[in-house]
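>>> I would like to see how this sequence folds:
(chains A and B)
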Protein chains: 2
Amino acid sequence: MSDSITQAVVDKAVRARDASRKLAYLSTSVKNEALAAMAQALIDEAPVILEANAKDIAAGEARGLSKALLDRLLLNEARIRDMAGGLDVIINLPDPVGEVFDMVTRPNGLQVGKMRVPLGVIGMIYEARPNVTVDAAGLCLKAGNAVLLRGGTEAIHSNTTIARIIAAAAAAAGIPEGAIEFIELTDRAAVNTMLKLNDYLDVVIPRGGKALKQAVIANATVPVIETGMGNCHVFVDREADLEMAARIVINAKCQRPGVCNAAETLLVDAPVAAAFLPGILEQLKERGVEIRGCPRTRELAPWVVPATDEDWDTEYLDLILAVRVVDGLEEAVDHIFRWGTKHSEAIVTENYTRARRFLREVDAAAVYVNASTRFTDGGVFGFGAELGISTQKLHARGPMGLKDLTSTKYIIFGDGQTR
Amino acid sequence: MSDSITQAVVDKAVRARDASRKLAYLSTSVKNEALAAMAQALIDEAPVILEANAKDIAAGEARGLSKALLDRLLLNEARIRDMAGGLDVIINLPDPVGEVFDMVTRPNGLQVGKMRVPLGVIGMIYEARPNVTVDAAGLCLKAGNAVLLRGGTEAIHSNTTIARIIAAAAAAAGIPEGAIEFIELTDRAAVNTMLKLNDYLDVVIPRGGKALKQAVIANATVPVIETGMGNCHVFVDREADLEMAARIVINAKCQRPGVCNAAETLLVDAPVAAAFLPGILEQLKERGVEIRGCPRTRELAPWVVPATDEDWDTEYLDLILAVRVVDGLEEAVDHIFRWGTKHSEAIVTENYTRARRFLREVDAAAVYVNASTRFTDGGVFGFGAELGISTQKLHARGPMGLKDLTSTKYIIFGDGQTR
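Next comes the predicted model:
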């Protein structure tokens, strides 16, 4: 049983790897035509997709999934059009592959430079949302990579159908068979096999909850790009424009609390705590935010629930905010170093030196002065689309665009040089 | 026992991580002064280093190490001066940290750009040569990283002494304590602990033989950068300048056979096999090279030993060359895809289209037209120094210079923007 799962996964990985060799140097126009065909196929076959999706929804209801989770699973005509539209966006992005740069001529006459090349085969392991199937396949294809997709059990019917439709459309448009492979096996052994396929996969990217990411990191021998955990902070400095600070805090917490770039902890510099906290906490409360505060916060707003270390450590992804009064920038930076997940961190200040220090001293994928943490996003940063937000330092950091799905190789032009 | 080893390693890693926070934004001049002090300390304390080295040599002789290995271990005044000179080279390299690039202004007025930052804490696991201790510490320091070093048993006295001397010199010159940590424990448990320290180490780089690298990849949960296996090929195309081809083949095989960028297999296009092979094989034989050939090679040179699949798969690191006659570029590229280690690959040809195809279709860290594979080296490529040659595609590929020891973070300047 487990052996046959392993074999099925390896077979798909081998097909993906073989496809990746030709994909690596397909012209941009062939790739773009395939992306357009994939988008069209999604529209044309919407009824088939909706039928598969209905099975996932029915199974989810039977299993008692939450309303929020069922909504993430649900597809309709509009959402299918959005998925197709995402592929159109990718068509319009510049193709990163083949770029030659840093070319120098060495004293012995050798010309040495770098050429941007695809990573090869990318393994994607993800959870509920079926649109990830389309986004990941589209981005990987545009960057010349084959992709081995493994979606979650909840969306298995939707994902299998979507993957079949876009893979067929791509193949019909001249993309090598195997470029988009989907693993329909929901058995955990399938993932564990994937994580060890160093001969076939160049990287594995997990997208989903903490448990998924930790399992991938613990078990993978294939290189991993970690994405997404965001325990983000807003620090309101003693010289902040307090009105601006209030706008930023409310936006960072309330505009979309369920995403990784939402703020989870507010740090307030002691000298402005009395002027700032009572007002902003009332405003947040009115917006339905539960506040958990340190003792100094509770002196100013006695109705606030006491915060524990667990609060500093938690990515709520909900309308809850931890609040702490700190004595200056250094204590704020230390708090972020101790509890943060190196995702997105903001300072609100009018002070030049402390703005510069915060930018330099806070180690995170995105560090902001006077703006909401909610902007950490591939679209907002101008990449058009993203495959997730890397929170590690190796290879890619922050929103991952097409370039982050590539590697380089040195190319060397000689005239018979020897050493 | 094993618990106390784990604790000792964790303690060092914590010190390194704490040091890395301040190291990240030390000025270039402080780092350069520390590098100069480290170089001077090596010269000043040469007698102490030589005394320690004598213990390693004595232990190695007692254990019956080969002459070659003993020579790699051996230090003398000249070699210590070379190590110090390596640090002087690093002083003269530009500091990559703090560079701000790709800054754009988004439609909402946000300025978004990237700042180059250190990786953080780098774990180095290496084998015999004591100079790696100095090179790695110097390169990591210049790029603002703390380093946790773990050298091999053979050089343990030399490495412990060298690490103590340079760490003390660095600290005296204003570098935070913990920036250069060396693990003196030769127990294997020390390495296994290191490989799981995801909270403290940002990357682990193994430098050494195949067994070391495979063990690291199999056991690490910390991200790894693979270095160095080189099963490199020279392909002599039907339109090669055969005199140039002979020079390149001899250089790639014989100039320094024990290194990873030496050629291990010669592929010859069938139309020129008869004109090229008998002569070059004689020349190689005269230089003491043992030849193992495919059947078509042996038709042209019956004295050649038959090659097996194991020969195509082997990095000899010795005066042995596998030789195969192939039918054209495609078969050569397929052979390299099947057996190569994606290190350094060369074509010799005067044909424009096949030169371009080889560059594009061969997937390796360095792909050459009309030059010896021996050039894959940080110094030759103009980086001044290297920390190894990456053969993976994630993060760094080819010779790793200072820039490859850095990451980036997004920095965002706002005026109160919210989403």
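>>> What's the mean pLDDT across stretch A:307-327?
Across stretch A:307-327, pLDDT averages out at 97.
>>> how about the CA coordinates for that stretch, as PDB?
Extracted C-alpha coordinates of stretch A:307-327, given in PDB (Å, rounded to 0.1, in the frame of the first residue of the first chain):
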ATOM      1  CA  ALA A 307      -1.800  39.500  28.600                       C
ATOM      2  CA  THR A 308       0.500  36.600  29.200                       C
ATOM      3  CA  ASP A 309       3.700  35.400  27.400                       C
ATOM      4  CA  GLU A 310       1.500  33.300  25.200                       C
ATOM      5  CA  ASP A 311      -0.200  36.400  23.900                       C
ATOM      6  CA  TRP A 312       3.100  37.900  22.800                       C
ATOM      7  CA  ASP A 313       3.800  34.600  21.100                       C
ATOM      8  CA  THR A 314       0.500  34.200  19.300                       C
ATOM      9  CA  GLU A 315      -0.500  34.900  15.700                       C
ATOM     10  CA  TYR A 316      -4.200  35.400  16.500                       C
ATOM     11  CA  LEU A 317      -5.400  35.800  12.900                       C
ATOM     12  CA  ASP A 318      -8.500  37.200  14.600                       C
ATOM     13  CA  LEU A 319      -9.900  40.400  16.100                       C
ATOM     14  CA  ILE A 320      -7.600  40.200  19.100                       C
ATOM     15  CA  LEU A 321      -4.700  42.600  19.900                       C
ATOM     16  CA  ALA A 322      -1.900  42.200  22.500                       C
ATOM     17  CA  VAL A 323      -0.800  45.600  23.800                       C
ATOM     18  CA  ARG A 324       2.400  46.500  25.700                       C
ATOM     19  CA  VAL A 325       3.900  49.700  26.900                       C
ATOM     20  CA  VAL A 326       7.700  49.700  26.400                       C
ATOM     21  CA  ASP A 327      10.500  52.100  27.500                       C
END
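>>> what about that stretch, near chain B?
No. With Cβ under 8 Å from any Cβ of the partner chain as the criterion, chain B is not reached by stretch A:307-327; the gap is at least 13.0 Å. Bear in mind the C-beta positions are built from the backbone N, C-alpha and C, glycine included.
>>> According to the record, where do the domains of chain A fall?
Domains of chain A are assigned by automatic domain parsing as A:2-225+A:400-413, A:232-379.
>>> okay if I get these as JSON lines plus distance to residue B:62 and mean neighbour count?
Shown next, in JSON lines, are these (distance: least, Cβ to Cβ, whole Å; neighbours: other Cβ atoms under 10 Å in any protein chain shown):
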{"stretch": "domain A:2-225+A:400-413", "distance to residue B:62": "37", "mean neighbour count": "19"}
{"stretch": "domain A:232-379", "distance to residue B:62": "47", "mean neighbour count": "20"}
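>>> mind checking which of these is nearest residue B:33?
Residue B:33 lies closest, by Cβ to Cβ, to one member of the domains of chain A: domain A:232-379, at 20.4 Å.
>>> For that closest one, what is the distance to the chain centroid?
Centroid separation between domain A:232-379 and its chain, computed with Cα atoms, centre = their mean, to the nearest Å, is 22 Å.
>>> wait, what's in contact with residue A:94?
Going by Cβ atoms under 8 Å, 6 or more residues apart in numbering or on different chains, residue A:94 touches residue A:402.
>>> Helices of the stretch 101-250 of chain A, start to end?
A:131-142, A:156-172, A:188-194, A:210-219, A:242-254 (DSSP state H, counting those that start in this stretch).
>>> re earlier: mind putting the domains of chain A in JSON lines, distance to residue B:224 included?
Putting the domains of chain A into JSON lines (distance: least, Cβ to Cβ, whole Å) gives the following:
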{"stretch": "domain A:2-225+A:400-413", "distance to residue B:224": "7"}
{"stretch": "domain A:232-379", "distance to residue B:224": "19"}
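>>> re the thing from before, which of the helices of the stretch 101-250 of chain A sits closest to residue A:235?
Closest approach to residue A:235 among the helices of the stretch 101-250 of chain A (Cβ to Cβ): helix A:242-254, 9.4 Å.
>>> Show me what the closest one is packed against.
For helix A:242-254, the elements it packs on are strand A:232-236, strand A:263-269, helix A:270-286, strand A:344-348, strand A:366-371, strand B:406-417, judged by 3 or more Cβ pairs under 8 Å, 6 or more residues apart in numbering or on different chains; DSSP states H and E.
>>> Now distance to residue A:206 and mean pLDDT too, for these, in TSV please.
As requested, these are exported to TSV (distance: least, Cβ to Cβ, whole Å; pLDDT from 0 to 100):
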stretch	distance to residue A:206	mean pLDDT
strand A:232-236	20	98
strand A:263-269	21	98
helix A:270-286	32	98
strand A:344-348	19	98
strand A:366-371	20	98
strand B:406-417	20	97
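>>> Can you lay out these as CSV showing distance to residue A:382?
Below are these laid out as CSV (distance: least, Cβ to Cβ, whole Å):
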stretch, distance to residue A:382
strand A:232-236, 21
strand A:263-269, 23
helix A:270-286, 31
strand A:344-348, 16
strand A:366-371, 13
strand B:406-417, 11
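>>> among these, which is nearest residue A:139?
strand B:406-417 (19.0 Å).
>>> so what's residue A:365 scoring on pLDDT?
97.
>>> Please name the nearest non-neighbouring residue to it.
Closest residue in space to residue A:365, ignoring its immediate chain neighbours: residue A:398 at 4.0 Å, by Cβ to Cβ, 6 or more residues apart in numbering or on different chains.
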